[in-house]
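Colleague: here's a sequence, model it:
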Amino acid sequence: MRLALCALLAACSSGKPHAVEDAKRPASAGSDAPRADAAPAVVAPSATTGDVQVRVEWPAVTAAVRASPGITPCGTPRLAQVAPSTTFGIGDVLVIVDGAPATLGEAHVRLADCAWSPRIAIGSSLVIESGADRPAKAVLSSRLRAVDFAKPEASPPKVPVLLPIAGHAASVTLDAGAVYQLATDGKDPEVAWVVAAAGAITDASGVVLVKDVPAGEHAVRAWLPPRAGQPAHHATGKITVTAGDLAELTLKLEP
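Modeller: Presented below is the predicted three-dimensional model:
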C-alpha cells in the first residue's frame, strides 16, 4: 500500500506543468528571437570626400629671398620674402586645390609699424585695420586672376583707401576670383596680397590641410607672391584623393 502511494505521488509530480517557470528563463544563446534591449543596427554612410595635406618647400632657397631688403619708414626692418623652416618649409604661400570646397569669409589685414599682417589673406571681402596713432593711406589694386597667376592685368585700377587711427577699419568688397595687392602709400611701399578665391595659406612649416575634397584626381598650385623686391614663384602638381583618406603632396618652389 505504501509503495503504491509513493508511485502515485511520483507520477503526479512528473506531470506538473512548467509553463510559468519556462517563461521566466532567459532565451538560450542559440535562440533566434531578438532581445528587447538590443540596440538597432547603424549603417555608416559612405564617404565621398577625403583630405589633402600639401607641403611647400624650397630646398634651393637663395640668400637673396631670405634677406631683409632694408628699413621701413617707421625705422623697423623690412621682412624678407620668405623665412624657411629648418626643413625648408615655406610659410605664407597660397595653395589652391582645384575642386576643393569654396567657402569664403572676410579677410582681415592690419597695418602697424609700416608693415602688413598677415602678408597674404583669403576672403570675399576685405577689412583693413590700422594700428597707427594717426591716419594713413593705402592703395588697393587688382593685379591678377587666381586661375592664372602668371598673367598680370595690363592696367589694374588703383583704389585709394583712407585708414583712420587705431581702433577703426575700412571695408572693401572684392571681385570673385581676383588677386589684389594692398600697398602702403609711399616711394618704397610694403605690400600684402588678398585672394578672392578658394585656397589656403601654408603655416610657418610650409604645410596646409584642405578638408572635404571630392574623391578623384585634382590639380594643385602653389603661389609665393612677389614681395620684398623679389618676384613671384610657383609650383604645380597633381594629387589623387581617396574617399575617407588623407592624401599628401609635396611641392617644391624653384628660383
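
Colleague: so which bits of the helix or strand containing His218 are buried?
Modeller: Using DSSP states H and E, His218 maps to strand 216-224. Neighbour counts over strand 216-224 (16 or more other Cβ atoms under 10 Å) mark His218, Val220, Arg221, Ala222, Trp223, Leu224 as buried. In this view, the C-beta of every residue, glycine as well, is placed from N, C-alpha and C.

Colleague: and of these, the nearest to Pro152?
Modeller: Taking Cβ to Cβ as the measure, Pro152 lies nearest Trp223 of these, at 12.5 Å.

Colleague: on that earlier part again, any buried residues in the helix or strand just after the strand holding His218, and which?
Modeller: Next helix or strand after strand 216-224 toward the C-terminus (DSSP H and E): strand 233-241. Neighbour-count burial for strand 233-241, with 16+ other Cβ under 10 Å as criterion, is recorded at His233, Ala235, Ile239, Val241.

Colleague: ok, so of those, who is nearest Glu129?
Modeller: Closest to Glu129, out of all of these and judged by Cβ to Cβ, is His233, at 28.5 Å.

Colleague: list the contacts for the closest one?
Modeller: Trp58, Trp223, Leu224, Leu253, Glu254, Pro255 (Cβ atoms under 8 Å, 6 or more residues apart in numbering).

Colleague: chain center to stretch 224-232, what's the gap?
Modeller: Offset of stretch 224-232 from its chain centre (Cα atoms, centre = their mean, to the nearest Å): 23 Å.

Colleague: typed the wrong thing, it's stretch 137-149
Modeller: Averaging C-alpha positions (Cα atoms, centre = their mean) puts stretch 137-149 22 Å from its chain's average.

Colleague: and for stretch 93-101?
Modeller: Centroid separation for stretch 93-101 versus its chain: 9 Å, with Cα atoms, centre = their mean.

Colleague: show me what counts as buried in it.
Modeller: Those buried within stretch 93-101 under the rule 16+ other Cβ under 10 Å are Val93, Leu94, Val95, Ile96, Val97, Gly99, Ala100.

Colleague: and for stretch 65-74?
Modeller: Going by neighbour count (16+ other Cβ under 10 Å), the buried part of stretch 65-74 is Val65, Pro69, Thr72.

Colleague: kindly report the same for stretch 170-180.
Modeller: Leu174, Ala178, Val179, Tyr180.

Colleague: between those residues, which is nearest Val159?
Modeller: Among the buried residues of stretch 170-180, and counting by Cβ to Cβ, the member closest to Val159 is Tyr180, at 9.2 Å.

Colleague: my guess is that closest one contacts Ala146. True?
Modeller: No. In this structure, Tyr180 is not within contact of Ala146 by Cβ atoms under 8 Å, at 10.6 Å.

Colleague: now the common contact residues for these two.
Modeller: By Cβ under 8 Å, 6+ apart, Tyr180 and Ala146 have these common neighbours: Val195, Ala196.
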